Each structure stands twice: as structure tokens, then as C-alpha cells.
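Any chance you could fold what I've pasted below:
(chains A and B)
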Amino acid sequence: MTTRTRFAPSPTGYMHIGNLRTALYEYLIAKSAGGKFLLRIEDTDQKRLVEGATDIIYNTLNMVGMHWDEGPDIGGEYGPYVQSERKDIYAPYAHKLVELGGAHYCFCAEREKEVDEDGNEIICKFDDPCKHLSIEEARARIAKGEPYTIRQTINQTGKSHYEDKVYGIIEIDYDELDEGVLLKTDGFPTYNFANVIDDHLMGITHVVRGSEYLPSTPKYNLIYDTFGWQRPIYVHLPPVMKDAQHKLSKRNGDASFQDLLAKGYLPEAIINYIALLGWNPGTEEEIFSLAELEKIFSVERLNKSPAIFDIVKLTWMNGVYLRNLSEEDFYKKALPYMDNLPDGINKQALARVLQPRIETLAQIPEQIDFINELPDYSLELYINKKMKTDIDVAQKVMPLIINTLSEQVSWDNDSLFTALKTLAENNNLKNGQILYPARIALSGKETTPGGATELAVVLGKSETLSRLQRAVSKLA
RNA sequence: GGUCCCAUCGUCUAAUGGUUAGGACAUCACCCUUUCACGGUGGUAAUAUGGGUUCGAAUCCCGUUGGGAUCACCA
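Numbering: from 1, shown residues only, chains lettered A, B, ... in the order given. Down below sits the predicted model:
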């Protein structure tokens, strides 16, 4: 049987990291087995729908390269793939389940609590009086137009068992299971029900979802069993945590995929990082493309304890991806962050010095702020013990640098560096005594991406000489 | 609170009864060096706790502690 998994998000907002990781594992489970990965939109809760949320789901999945084989936009054998468009499918199954004894009609008011004549609280989900109504009686009330729901009936006692691929054998007492609503008053199914029906109808072989469903899974199994359907293989995933106490949540502005993109993280790095949040390849390698993950992924190496999302390690990994980019690719990605630069700036050279120095693209602006305008720096910057420079040295050396550089014909780093090195030798100075003051004069900053000659290449000859000239006046 | 689940360096994790408990991020030191990075070398750092079982336990069992989840006409 070919493996089929589905990503079944509800379109209620942006895509957060935990969601994306679930989708990734679903995708990898399918692809590593040569199976199919489907996308199904679960929008049965009409109240919570968020405009544009479905597009975010499409865009995110496409951007990271997790292409689905069947889904709302591309169709497939088992469509439609949006639950609101499947509304008519569920009710017949619910009524059928009543006939089979797996559910019953319930006429209790919403909030599942009512008070009977004697003032006792009736709790439908554990002891529903409607459960004892005969099917004929219930149908008669429905015929009269009385609003109703269909609730799951749980008559079993003792222990329920099932096997989860990650957590092993899970044993739950039937007494613990509540008789939840399957079909709401408005005729829509609840998640519990729609999920089971769709997973069955769509031939899903592996149900992959968060570990919060671990205790309620026996209820799903009961439905499968009552219909005589084969239960799926369960793969429950531990949560992704923000810290030791809190799950990563949509609220609180916790990392969403969109936020990370905006902060200059690469989709490839994000995917690589979250793949390793709860799974490991069993080797000491940790840089993987999605295509590589598809080959080596295995459910057996999935972890069962929660993992804390560590932005610091993701940042490191993003840096690795940035550095592994070809010079041209890095340049293309960096370009949008190097806008508003004056004419004459050598952006290619700038990109070259930036590449090993940043870990996210968003760090570029702060690195290059001195290019637009030379900051009003303090003369103290010229003092550096290790370089054996101070204001006097700078004063003495600056005109020599100007002379040397104004004679330069080829304006590339090697030529410039050789020229200044020679200048130092001829004057019996240390390299640093020439290069350090030059760098300060060009940048006005203590630390810069690249040394004096690299900055000179970036700035171009005329701007370089102009800045050096300004340093002479400043030092005078 | 009932039930379910989890527990190795600060973080992500490896080690499926026998290892000096390994790697990565972070951190510290040194090297490289035209500042800063990159790169290189090395260091600090973990089996929550108490009992068993066993020749031998991070690994198996029980308790304790800590944490998470779940108990909706939300998914």
C-alpha cells in the first residue's frame, strides 16, 4: 500500500513553526516511502476563518519546496480538499454511525450542561440522558424541528490500546473518554469527526499530528472500528517549545515562518533547522537540503520529548547557508538590503566582504551604514595599542596614503594592499600603522566589514580620496 | 484535580546493558589576521532524584520530584 499523508491546517492565521514542522514530517514520511503528500483545508469552524490564511499556507509550502500531490487548487482523486465544500458528506456518515450504535442524537443545549427537574447537573459528555432515547423517539423529535447534535456513544469499559509510532503502546481507560459532539447543530461536523471521515475517504495511511491528541485517539479508533474501517498508523509529534514552560504559539508573536523570512532567514535554512528539532539522522551531519531529507528520513528516529526552538542555532545555520551560496547568488539576495547607496559604490565588492560576516540578510544595513554618510567620529578611534597607532601616527601617515592611492591605476584589493604594504615598508612602519588609520578614515567606525583596502574598493577611488582628505583636515 | 505523556551539557541531540558519556550551537582561551568576521586548535559543561534487577544501568522496573498535554457544538 502506498503511503499517504496529509497536512490539514485550519486557515486561522499565519503559519507558525510548529505547524510547519508537522507539515515537514508529514511530507517526509510520504516522500521517503515514495508516497503521496496531500493538502486539506479544515475550515469547519466558520467563526474562526481568517481572510488570506489559505494563501499563506500555499505560499509557505511552495516557498520551501514541499509540493503537494493532491489539494484544493490542483484537485485529485479524492476531492474536494476543503472541508466546507465537503459539508454534505459528513452528515450521512454521522447518521449511519447512530444506526451502528457508535453515536446518538442529543437534544441538550449548548455548553453540554443542563439542570434537570431536581436541580441536578446533567453532563452530556459523560452521562447524556439523550443517550437512552430510542432511535424512533429521537427521530420524531428531529422531525418536529427540534435542534440536535450527534454525539459519540462510548459504551465500552476497561482499557483501550493502540500503538503510536513515536510513543509506543498507549493505554487509556474507556471511562476517561467523553462523548463528544460529532455533528454540530449547524450541520457542520466537528474536527473529531470530519478528520476521521476525511482521513478514511482520502486513504490516509499515516495520521501525523501533535501529541496533544494522544489521549483522545481512542475515540477516533472507536469510530474507525464501528464503521469497520482500518485504523491508520499514528505518528504523534512532541510540541515545539518557546522555552521550558511554554509551547510555541501563534499568539505572543512567537516565531512564524513569515517573521523569520522578514528577518532575513532563508527558507532552506529554516527547513533544515526544524527538521532537526525532534529528529536526527543518526550521523553527525546536520546540513541537509529537503531533497536529502527525503532520502534519509525515518520515523524511527523521531524524538518524543519536546524541543525548545533555539533561534541562536537557527541563526548560525542560516549563516552556513549564506556562506555556502555562490558569489552571484549571495549578491542577488543581498541586493534588496543594499538599496539607497550612492553612485560609485561597488556593490559586488561589498557583497563579497559581507558574505562571511553576516548570519541573516537583515544584518546588512547595520553593517554598511557608514557608506552613505561618514559618521562624525571621535579622533580617539585612531588610537590602537595593538596596531601601534595613535593620532600622531595618523596625522603623519594620512598624506602618504593619499599620495600612494591617488597614483593607483588598478583599483582592486590586491593592488591596493600591495601598494600600501610597500608604503609601510619604505617608511619603516608596521602594516597596521598605515592600514588601521586608513580604515578609520574611510569608515569612522571601530569595526567594519573588511579592512582598509577592501573598503576602498567598495567606496571607489574618488570617494576614498575624499574621505582621506577629510581625515587630514580633521586631524589637523 | 483525574488521566495521558516526557526527563543526557545552558540549547538541539548521539550512545537501543559494557564508551575516558560522542557531536553541533552558545560560551571561554589561543592561532590566523589590515579592525571585525570567516577558518583552525583546545577548554568549561550533562545522564533530575531515591530504590531495586544485573557481574555490570544513561539504558530495564518501581517510587519521588519537575515539566508538558488533555478534560469545547476550537481545530
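
From A:G13, how far out is the residue in chain A that RNA strand B sits nearest to?
In chain A, the residue that lies nearest RNA strand B is A:G451 (2.0 Å; CB to the nearest atom of the strand). Quick note: C-beta positions are derived from backbone N, CA and C, even for glycine. Here A:G451 is placed at a distance of 47 Å from A:G13 (CB to CB, to the nearest Å).

The two: who's more crowded?
Higher neighbour count among A:G451 and A:G13: A:G451, with 20 against 16, using other CB atoms under 10 Å.

Hmm, the more buried one is touching A:I434, no?
No. Using CB atoms under 8 Å, A:G451 is not in contact with A:I434; the gap is 11.0 Å.

ok, which stretches of the stretch 201-350 of chain A are helices?
Here the stretch 201-350 of chain A has its helices, by DSSP state H, counting those that start in this stretch, at A:217-227, A:257-262, A:267-275, A:290-296, A:311-324, A:327-334, A:347-354.

Okay, now the unreliable bits of chain A?
A:111-123, A:126, A:250-253 (pLDDT under 70).

quick one on the thing from earlier: could you single out the most deeply buried of the helices of the stretch 201-350 of chain A?
When you average the neighbours per residue for each of those (mean count of other CB atoms under 10 Å), helix A:267-275 leads with a mean of 22.

For that one, name the packing helices and strands.
For helix A:267-275, the contact count by 3 or more CB pairs under 8 Å, 6 or more residues apart in numbering; DSSP states H and E identifies helix A:17-32, helix A:53-64, helix A:257-262, helix A:290-296, helix A:311-324 as packing neighbours.

and the last one, does that touch RNA strand B?
Going back to what we said before, that points to helix A:311-324. Yes. Applying CB under 7 Å from any atom of the strand, one finds helix A:311-324 in contact with RNA strand B at A:V312, A:K313, A:W316, A:G319, A:V320, A:R323.

OK, contacts around the fifth one?
Taking CB atoms under 8 Å, 6 or more residues apart in numbering as the contact definition, A:V320 lies against A:A269, A:I287.

Pull up the gap between it and A:R357, please.
In this view, A:V320 and A:R357 are 14 Å apart by CB to CB.

go on, the fourth one?
When distance is defined by CB to CB, A:G319 is 9 Å away from A:R357.

Skip the chain neighbours and tell me the closest residue to A:L277.
Nearest non-adjacent residue to A:L277, counting by CB to CB, 6 or more residues apart in numbering: A:A307, 4.6 Å away.

how many neighbours does that neighbour have?
17.

tell me the contacts of it?
Taking CB under 8 Å, 6+ apart, we find A:A307 in contact with A:P238, A:V240, A:M241, A:L277, A:G278.

Equivalent analysis for A:L100, please.
Residues in contact with A:L100 (CB under 8 Å, 6+ apart) are A:T226, A:F227.

same check, this time on A:Y58
Each residue near A:Y58 by CB under 8 Å, 6+ apart is listed here: A:D73.

thinking A:F7 is in contact with A:R40, fair?
Yes. Between A:F7 and A:R40 there is a contact under CB under 8 Å: 7.4 Å.

quick one: which of those two has more around it?
Neighbour comparison, A:F7 and A:R40: the larger count goes to A:R40, with 27 against 24 (by other CB under 10 Å).

Ignoring the adjacent residues along the chain, who's closest to A:S462?
The shortest distance from A:S462 to any non-neighbouring residue, by CB to CB, 6+ apart, is to A:G344 (6.7 Å).

ok, that neighbour to A:E446 distance?
With distances taken as CB to CB, A:G344 is found 25 Å from A:E446.

One more: A:M338?
According to CB to CB, A:M338 stands 22 Å off from A:E446.

Of these two, give the one with the bigger neighbour count.
A:M338 (19 against 12).

Double-check the more buried one against A:Q348; I have them as touching.
No. With contact defined as CB under 8 Å, A:M338 does not reach A:Q348; the gap is 10.4 Å.

interface residues of the stretch 1-150 of chain A facing RNA strand B?
The stretch 1-150 of chain A has residues A:8-10, A:42, A:44-45, A:48, A:108-112, A:124-125, A:147, A:149 near RNA strand B, with proximity defined as CB under 7 Å from any atom of the strand.

Mind checking which of those residues are in helices?
Among those, the members found in helices (DSSP state H) are A:C124, A:K125.

What is the nearest of the residues of the stretch 1-150 of chain A next to RNA strand B to A:P189?
Distance to A:P189, by CB to CB, is smallest for A:T44 among these, at 5.9 Å.

who wins for most neighbours among the contacts of A:A307?
The most crowded member of the contacts of A:A307, judged by other CB under 10 Å, is A:V240 (24 neighbours).

Need the nearest residue in space to it, chain neighbours excluded.
Among residues not flanking A:V240 along the chain, A:G18 sits closest, at 4.2 Å (CB to CB, 6+ apart).

you'd agree the one you found is up against A:K242?
No. Look at A:G18 against A:K242 with CB under 8 Å: they stay out of range, at 9.8 Å.

got any residues that touch both of these two?
Common neighbours of A:G18 and A:K242, counting by CB under 8 Å, 6+ apart, are A:L248.

neighbour-wise, which of these two wins?
Using other CB under 10 Å as the criterion, A:G18 and A:K242 rank with A:G18 on top: 24 against 17.

Contact partners for the more buried one?
Contacts of A:G18 by CB under 8 Å, 6+ apart are A:G210, A:P239, A:V240, A:K247, A:L248.

and stretch A:356-366, which residues are buried?
Going by neighbour count (16 or more other CB atoms under 10 Å), the buried part of stretch A:356-366 is A:R357, A:I358, A:E359, A:T360, A:L361, A:Q363, A:I364.

Cool, thanks, talk later.
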